[in-house]
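S.K.: Here is a sequence together with a model predicted from it:
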Amino acid sequence: MRKELNLNGRWKFYPAFDEVSGDQKWMDPDFDPADFEITPKEGMAIGWIKEEFDDSGWLDSPVPSSWNAAFEDLWSYEGHGWYRRKVLIPNEWEGKRVEFFSEGANYRTALYVNGAFAGEHFGGYTPFGFPVHELLKFGEVNTIAIECDNVPKSNRCPGGQFDWWNEGGLYRDVCLRVTDPTYIDDVTVVTRVSSDDVEMTVDIEVCSDEPIFPERSVALRLSDPAGDYVPVPASVSRVVYDATLKKGHARFCFSVPSARLWSPETPHLYQLDLTLVDTGSEQPRDWWSHRIGLREFRVDGPRLLLNGKPLVVKGVNTYEDYPVAHHSHNEAALGQDLDLLKWIGGNAFRSHVPAHRRRYELSDERGVLQLVELPFYQWGRPLVQTDNPDALADAKGQLRELIKARKNHASVFMWSVSNECLVVPRSNDPQAVSLARMTAEGNIELVKLAHELDPTRPVVEVSNCWPGDPVHEHTDLPCVNVYVGSAPHVNGLPAVAERIREKFEALRKDHPDKPILAGEWGSWCVRGVKTDYFPGEVFQAEKIRLFWETMREEENFIGGFIWCFADYDVHRRFLWVYEYRCAYGLFDYHRRPKEAAYAVRRMWTGKGN
């Protein structure tokens, strides 16, 4: 198995409140105070990256944790933060490839090892890594220094304002990973289902840091849900080197006999183990393992099919936002959320940001579908500082990382490239028209890129510019947020339901042969207010129920996601909220149910409280 050195634990931490102190440029004798551009190069962060720097006066910070969760005085801090840690590197790692790996850090991360710049990453919610073996001192104590910043900027993804709390720093797991210089870089598993027959294709990409690509083969072992070996026609495949791509490739194609299919009702998982071996000596050089669900998602006319059968999505939107842990992974809290979703009769989660790896692993186990979305939020809206065309480049980079990281999870059934981007102008003003055109064209580029990276799953952009959204011509189906007006009292909700029917009819005329998925609908509700008018619990429960029942009567409707699962904290500067805590949840922040949770349970299971 691959070796890892866990770097979770206590780090030294220091908040740096602006860009100048953030990268220590003021210590450079050639510093120009008119130049505030951050340039993470050797010689810039003069003090804090150095091995001999005295960080004894810094704070002690747990990792993984955002600085907002770790320090009460930084609960809303958006800025720069520095982390430092000493680590002993074993002698036996010399000659190996060593990678610093993070499950996610928000937003910009610059890594220094023993005073030298090792790499820079942009994006707060996708895994990333940097090779560091050329900078390490083997058999000695090494210094790792990391600068993070979570400064909201219009050229980032997400941009200047968004509707979740902007946690900063090393809030997900970090480690050092050790492999052979020639290693498995990527694996893509595709399963095609016909009745109970399953065709599996496994594509392996192999990279090498060695001057001459060595002779390698890949050995495959597949185990069924009971742990028994599944025989395959050929269990070894030779790695073929492509000089143009500077990568090696191996492939397996085979049928799985007596296949046990994965579904929310029967989440059977197979174990796939790959070993990279020296072709001559047959000595193992690298390993890769993943649990695989044998299933196929497919759009067929106005239906979404799972293993050839129509699928109804009973979903809820959610965030990883927990008491104490905030956005950091909490195994017990995640398990509770999955249990509560099952209790109300749900089978799917959606989130505006990619989640920690364990959400997808546990969802594979428990049969919870995951619509995985880029944090490309409300692009094209100057009011919330998200109108910068440069943000598209960040979005594309994150999309590549996201699909590579999560494509082999059985529970991931759909990709979303954005939420509520302003793809239709609100006026004839030339600037508004130009901005909407840019936003629509950028979303179309993302949809095409997602299809290119993963042609096996449906791709959507979640729209509130419908009907008439030009991006829907390129997505596999329209996914629409159903905020079509409201009423102050339950007596006014039937009129709103009629508006839903009108909009769905217009949407079907535009896309008669596509399914329709609801991305969001719901209502703000303060737990304990027992009124049938806004923001009471009775009102929220009835609005959610009536909207669902109305949409279920519509042709081509395949389900949707209620907004939202639990109350959560909102970006401190987000324009369109009443307070820092968004109270749309079926449950409050501490997972105490509101009346709507019981109403949804009755609606989706037929069971009482």
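M.R.: Perfect, thanks for sending it.
S.K.: what's the single longest helix in the protein?
M.R.: Counting residues, the longest helix found in the chain (DSSP state H) is helix 430-453.
S.K.: Report the buried residues of it.
M.R.: Across helix 430-453, burial judged by 16 or more other Cβ atoms under 10 Å covers 432, 435-436, 438-440, 442-447, 449-451, 453. C-betas here are computed from N, CA, C, even on glycine.
S.K.: The helix or strand following it pairs with which strands, parallel or anti?
M.R.: Downstream of helix 430-453, the next assigned helix or strand under DSSP states H and E is strand 459-463. Looking at strand 459-463 with DSSP bridges, its partner strands are strand 412-419 (parallel), strand 479-481 (parallel).
S.K.: returning to what we had before: now flag whichever of the buried residues of helix 430-453 is closest to residue 382.
M.R.: The closest of these to residue 382 turns out to be residue 435 (Cβ to Cβ; 7.7 Å).
S.K.: just checking, residue 184 touches residue 284?
M.R.: No. Under the criterion of Cβ atoms under 8 Å, residue 184 makes no contact with residue 284, lying 11.3 Å away.
S.K.: What ranges in the stretch 501-609 of the chain fall below the confidence cut-off?
M.R.: For the stretch 501-609 of the chain, applying pLDDT under 70 flags the ranges 572-579.
S.K.: what about the strands in it?
M.R.: For the stretch 501-609 of the chain, the strands defined by DSSP state E, counting those that start in this stretch occupy 516-520, 557-562, 568-569, 581-582.
S.K.: so can I have TSV of those showing distance to residue 398?
M.R.: Putting the strands of the stretch 501-609 of the chain into TSV (distance: least, Cβ to Cβ, whole Å) gives the following:
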stretch	distance to residue 398
strand 516-520	19
strand 557-562	21
strand 568-569	21
strand 581-582	23
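S.K.: Please identify which of the ones you listed is closest to residue 132.
M.R.: strand 568-569 (34.4 Å).
S.K.: ok, the closest one: who's next to it in the sheet?
M.R.: strand 581-582 (antiparallel).
S.K.: For the helix or strand where residue 399 lies, buried residues please.
M.R.: In the assignment (DSSP H and E), residue 399 maps to helix 391-406. Buried residues in helix 391-406, counted by 16+ other Cβ under 10 Å: 391-392, 394-399, 401-406.
S.K.: I would like the residues contacting that helix, please.
M.R.: For helix 391-406, the external contacting residues (Cβ atoms under 8 Å, 6 or more residues apart in numbering) are 122-123, 125-128, 154-157, 159, 186, 354, 357, 360, 372, 374-376, 379, 412, 415, 417-418, 442, 445-446, 449-450, 453-454.
S.K.: relative to helix 430-453, how tilted is it?
M.R.: 20 degrees (axes from the mean of the first three to the mean of the last three Cα atoms, to 10 degrees).
S.K.: Just put the strands paired with strand 459-463 in CSV and tack on mean pLDDT, distance to residue 12 and mean neighbour count.
M.R.: CSV is the format used below for the strands paired with strand 459-463 (pLDDT from 0 to 100; distance: least, Cβ to Cβ, whole Å; neighbours: other Cβ atoms under 10 Å):
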stretch, mean pLDDT, distance to residue 12, mean neighbour count
strand 412-419, 99, 37, 25
strand 479-481, 99, 43, 25
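S.K.: Which parts of the stretch 51-200 of the chain are strands?
M.R.: With DSSP E, counting those that start in this stretch as the criterion, the stretch 51-200 of the chain has strands spanning 59-63, 80-88, 97-102, 108-113, 116-122, 128-131, 141-149, 174-179, 182-194, 197-208.
S.K.: Please identify the deepest-packed of those.
M.R.: Using mean count of other Cβ atoms under 10 Å, the stretch among the strands of the stretch 51-200 of the chain with the greatest mean number of neighbours is strand 108-113 (a mean of 25).
S.K.: Helix or strand: which one has residue 285?
M.R.: Here residue 285 is assigned to strand 284-292, by DSSP H and E.
S.K.: tell me which residues in that strand are buried?
M.R.: Neighbour-count burial for strand 284-292 [16+ other Cβ under 10 Å]: 285, 286, 287, 288, 290, 291, 292.
S.K.: same question, stretch 67-78
M.R.: Buried residues in stretch 67-78 (16+ other Cβ under 10 Å): 67, 68, 69, 70, 71, 74, 75, 77, 78.
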